[in-house]
Structure formats: C-alpha cells, structure tokens
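Enquirer: Whatever this is, show me its structure:
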Amino acid sequence: MTLTKAEIAEQVHKQLGRNRKESARMVQALFEIIKDCLEDGKDVMISGFGKFSIRDRAERSGRNPLTGDTILLSAKKVVTFKCSGKLREKINGEKN
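Expert: Numbers count the residues shown, from 1 in each chain. Predicted structure coming up:
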C-alpha cells in the first residue's frame, strides 16, 4: 500500500485535531524543509525514523531494455534512506 501526502495530512488532522487545510500545509512544509536541506547537500536525520542523505552515483554502463544496446548512464546524485535501529526493530517485531 502506498501512503500519499493527502493520507498523511488526513492522519495529522485526526491525531492533532487541526483542520484539513492546515494539516495539508504542515505536511507540505515538512516535505519542503526536507527537500531544501537535501538540495543544499545536508543530511536529514529524524530521530527514531531514519536518515536521508545525498550520495554520488558514478557513471556506469547500462542496457536499453527495448533494443538491448549498451548505453552509458551519466553520473548523478541520488537520495538514500537508512532507517534507524528503532524503526528496524519495530518493522521486524523485535523487542528489547
């Protein structure tokens, strides 16, 4: 199941008792802050959840799936996510 921004905003509305528009603005603001930090090259660490960071991906060869031809994929930056130990334990049903 995919969780959308609208569904996150709805959960914020339910849990905090804010109106729906305000909840949607709060969720959008949070995502904008995360995007701005990543764009500036800063890591975003959310305690108990995980860490978003930017990594450089080197130039590499790939294959066109339609033709099978080898193509060169250029170097680029990618966003990575590493979950926290607490989140990993919760996902795996582990208890301390």
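Enquirer: number of nearby residues for residue 83?
Expert: By other CB atoms under 10 Å, the residues close to residue 83 number 14. All C-beta atoms are positioned from the backbone trio N, CA, C, and that covers glycine.
Enquirer: That one against residue 91, yeah?
Expert: Yes: with contacts counted by CB atoms under 8 Å, residue 83 reaches residue 91, the gap being 7.5 Å.
Enquirer: Do a quick rundown of the strands in the protein.
Expert: Using DSSP state E, the strands found in the chain span residues 44-46, 50-57, 60-63, 70-73, 76-83.
Enquirer: Would you reformat these as TSV and include distance to residue 33?
Expert: As requested, those are exported to TSV (distance: least, CB to CB, whole Å):
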stretch	distance to residue 33
strand 44-46	8
strand 50-57	11
strand 60-63	32
strand 70-73	30
strand 76-83	14
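Enquirer: Distance to residue 38 and mean pLDDT added to those strands, as TSV?
Expert: Shown next, in TSV, are the strands of the chain (distance: least, CB to CB, whole Å; pLDDT from 0 to 100):
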stretch	distance to residue 38	mean pLDDT
strand 44-46	6	97
strand 50-57	6	97
strand 60-63	22	96
strand 70-73	21	95
strand 76-83	6	97
